[in-house]
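J.: model this:
(one chain, ligands or ions: 2)
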Amino acid sequence: MSAPANDPIAAIATAPGRGGIGVIRISGPDLTGLISQLFGRELAARHAYFLPFCDSKGEPIDEGIAIYFRAPNSYTGEDVLELQGHGGPAVLKRILDRCLQVGVPMRMRHAEPGEFTQRAFLNNRLDLAQAEAVADLIDASSEAAARSAMASLSGSFSTQVNNLADQIIHLRMLVEATLDFPEEEIEFLEKYQARETLGGIIGDMAELVRQARQGMILREGLHVVLAGQPNVGKSSLLNALAGDDIAIVTPIAGTTRDKVTQQIHIEGVPIHIVDTAGLRDTDDTVESIGIARSWAEIAKANVIIHLQDARTPNDELDAGITQRLPQRTPVLEVFNKIDLLDEAALKALIARPAAGGNTASSHEVSRILISAVHETGLDVLRSKLLQIAGWNPGAESPWLARERHLEALQKAAQHLLNAKDHAAQNDRVLDLFAEELRLAHESLWSITGQFSSDDLLGEIFSNFCIGK
Ligand code: GDP
Ligand code: ZN
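T.: Ligands and ions are numbered 1, 2, ... in the order given. Reported below is the predicted structural model:
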């Protein structure tokens, strides 16, 4: 972030719109002057005062609660003033403007997104993973995600990262010390049981990677695309899964021309489902645009549900769709409308091999029989989606993780494995061993921000909401 790091900042911290109360938050190195100008008196730290908030002429704009937090005992680690007024946009803006006006001589300005939390990070009130957890807690879309975000915020992820980093630091110290005495290098690995120690660290790291993957699924969710011919029941399935009517269902083929996205939760895991225009050849320009978009969505999916009419499984058009599906993406071949099949037809369908298995394609294919209208088979579909996401039902997901965290952990794990290789060679490779440990360490520290670039910080904090 390019904004000066020290100017006092102010923002409305509550969500836009109307509410019972609204909060304005101000942070700066020293807010005592501002307080005495705003209220004509001092405020004791951490006491709630019921006061009028007045304009420049002394006319009350609102009245409410003022709380002063003296540095360093505040969210940002600086002086913080919180004003709780009535939660209307106009009144809050007037209070904010008044604060900014009084703050002109101290160069007070409007806060940028995430700037309060960024200051908390820069003043060591939070590490980077905890700062990210603040945003994730606010953005959490399920109770499970909120619980895990809170666990990250209170430091349970950071603690594990730091424990691993400490073990690596210890090993690094021993190696670096030995590097200064080349005659001891050969014995180093034996003398300090370096291989065993490293093996232990690698094991712990693998467990952390596993947990981070769970945490990431919980945060990012799964992008699922419903693909298939017109009229096979895509919109009906979306409605059945979502539990309310958001897509238009009609018996006329080709109704869903634009995509409809719905977010549902399965065991707290967010699943983003896109209903696409039915895939078929058409001369209708609008429809063909919809179909082109469908293919674009399909290309981005984590999982594709290839929905088909159970009465005409893998017909020529479906075979065509199967051919065009991306090779790397798992496909659920779902046969809908089984309520319309008689018993013999149902048995025949169950006995049929999956189409994907017959082709040369390498993607994973599973088959599921459902009736969207009668809501049969949906639980199997739901648990299959979770399984594909890599979700481990019942396995605790102690904290929320981001892709960035998982990548850093995997990178660190790779460097540890490289170090292990060097150690296995048992010749004079101690400097390579040391270098890999250093890289693993660096990668771990990028998670908590002890080692991170300004670009990364800017990217992380600019994605916050204002006032946080
Ligand atoms: P889409 O074009 O693939 O989105 O298909 P729709 O969801 O609009 O459904 C097309 C028609 O099939 C509608 O008349 C639905 O009521 C009907 N339909 C969808 N699912 C089922 C099902 O499981 N059983 C039966 N009998 N009809 C279904
Ligand atoms: Zn539809």
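J.: What residues are bridge-paired with residue 307?
T.: Beta-bridge partners recorded for residue 307 (DSSP bridges): residue 228, residue 334.
J.: how near is it to residue 371?
T.: Noted for residue 307: a distance of 12 Å to residue 371, by Cβ to Cβ, to the nearest Å. All C-beta spots, glycine's among them, are computed from the backbone N, C-alpha and C.
J.: Which residues are in contact with each of those two?
T.: Applying Cβ atoms under 8 Å, 6 or more residues apart in numbering, one finds that residue 307 and residue 371 are jointly contacted by residue 336.
J.: These two: which has the busier surroundings?
T.: residue 307 (28 against 21; other Cβ atoms under 10 Å).
J.: Quick one: residues contacting the more buried one.
T.: Taking Cβ under 8 Å, 6+ apart, we find residue 307 in contact with 226-228, 232-234, 237, 334, 336.
J.: And the helices in the stretch 51-200 of the chain?
T.: For the stretch 51-200 of the chain, helices defined by DSSP state H, counting those that start in this stretch occupy the ranges 89-102, 115-122, 128-139, 143-153, 156-179, 185-191, 194-220.
J.: contacting residues around the residue in the stretch 351-468 of the chain positioned nearest to ligand 2?
T.: Closest approach of the stretch 351-468 of the chain to ligand 2 (Cβ to the ion) occurs at residue 372, with a separation of 10.7 Å. By Cβ under 8 Å, 6+ apart, the contact list for residue 372 reads 233, 236-237, 239-240, 336-337, 378.
J.: Also residue 220?
T.: Applying Cβ under 8 Å, 6+ apart, we find residue 220 in contact with 270, 402-403.
J.: and these, which of them are in strands?
T.: Among the contacts of residue 220, the members falling in strands (DSSP state E) are residue 270.
J.: Turn the contacts of residue 220 into TSV, columns for distance to ligand 2, neighbour count and pLDDT.
T.: Below are these laid out as TSV (distance: Cβ to the ion, whole Å; neighbours: other Cβ atoms under 10 Å; pLDDT from 0 to 100):
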residue	distance to ligand 2	neighbour count	pLDDT
270	22	20	87
402	34	21	90
403	31	11	89
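J.: Specify which member of the contacts of residue 220 is nearest to residue 151.
T.: For these, the residue nearest residue 151 by Cβ to Cβ is residue 402; the value is 14.1 Å.
J.: Return the backbone torsion pair for that closest one.
T.: Here is the backbone geometry of residue 402 (degrees, to the nearest 10): phi -110, psi 160.
J.: circling back to that earlier point, out of the contacts of residue 372, who's near ligand 2?
T.: Of the residues in the contacts of residue 372, proximity to ligand 2 by Cβ under 5 Å from the ion holds for none.
J.: Where is pLDDT lowest across those?
T.: By pLDDT, residue 239 ranks lowest within the contacts of residue 372, coming in at 88.
J.: Tell me which helix or strand that one sits in.
T.: In this structure, residue 239 sits in helix 234-242 according to DSSP states H and E.
J.: Just name whatever secondary elements that helix is in contact with.
T.: Contact analysis of helix 234-242 by 3 or more Cβ pairs under 8 Å, 6 or more residues apart in numbering; DSSP states H and E lists strand 222-228, strand 260-266, strand 269-275, strand 303-309, strand 331-336, helix 378-389 as its packing neighbours.
J.: Enumerate the positions of that helix that are buried.
T.: Under the neighbour-count criterion of 16 or more other Cβ atoms under 10 Å, helix 234-242 has 234-242 buried.
J.: and those as CSV, adding distance to residue 77?
T.: Listed next are those as CSV, based on distance: Cβ to Cβ, whole Å:
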residue, distance to residue 77
234, 52
235, 52
236, 54
237, 51
238, 47
239, 49
240, 50
241, 45
242, 44
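J.: Can I get the residues you listed in a markdown table including distance to ligand 1?
T.: A markdown table is the format used below for these (distance: Cβ to the nearest ligand atom, whole Å):
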| residue | distance to ligand 1 |
| --- | --- |
| 234 | 3 |
| 235 | 3 |
| 236 | 3 |
| 237 | 7 |
| 238 | 8 |
| 239 | 8 |
| 240 | 8 |
| 241 | 12 |
| 242 | 12 |
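J.: Next, the contact list for residue 263, please.
T.: Counting by Cβ under 8 Å, 6+ apart, residue 263 makes contact with 141, 221, 270-273.
J.: quick one on the thing from earlier: give me the phi and psi for the residue of the stretch 351-468 of the chain closest to ligand 2.
T.: Backbone torsions for residue 372, taken as degrees, to the nearest 10, come to phi -60, psi -40.
J.: same thing with the one 3 residues further on?
T.: Note on residue 375: its backbone torsions stand at phi 50, psi 40 [degrees, to the nearest 10].
J.: tell me the contacts of it?
T.: Residue 375 neighbours (Cβ under 8 Å, 6+ apart): residue 240.
J.: That one and residue 336: what is the separation?
T.: Distance from residue 375 to residue 336, by Cβ to Cβ: 11 Å.
J.: now do residue 60
T.: Counting by Cβ to Cβ, the separation of residue 60 from residue 336 is 64 Å.
J.: So for these two, which residue has more residues nearby?
T.: residue 336 (26 against 10).
J.: does the more buried one really touch residue 311, like I thought?
T.: No. Residue 336 lies out of contact with residue 311 (Cβ atoms under 8 Å); the separation is 9.6 Å.
J.: For ligand 1, tell me which of the contacts of residue 220 show up nearby.
T.: Among those, no residue is within reach of ligand 1 (Cβ under 6 Å from any ligand atom).
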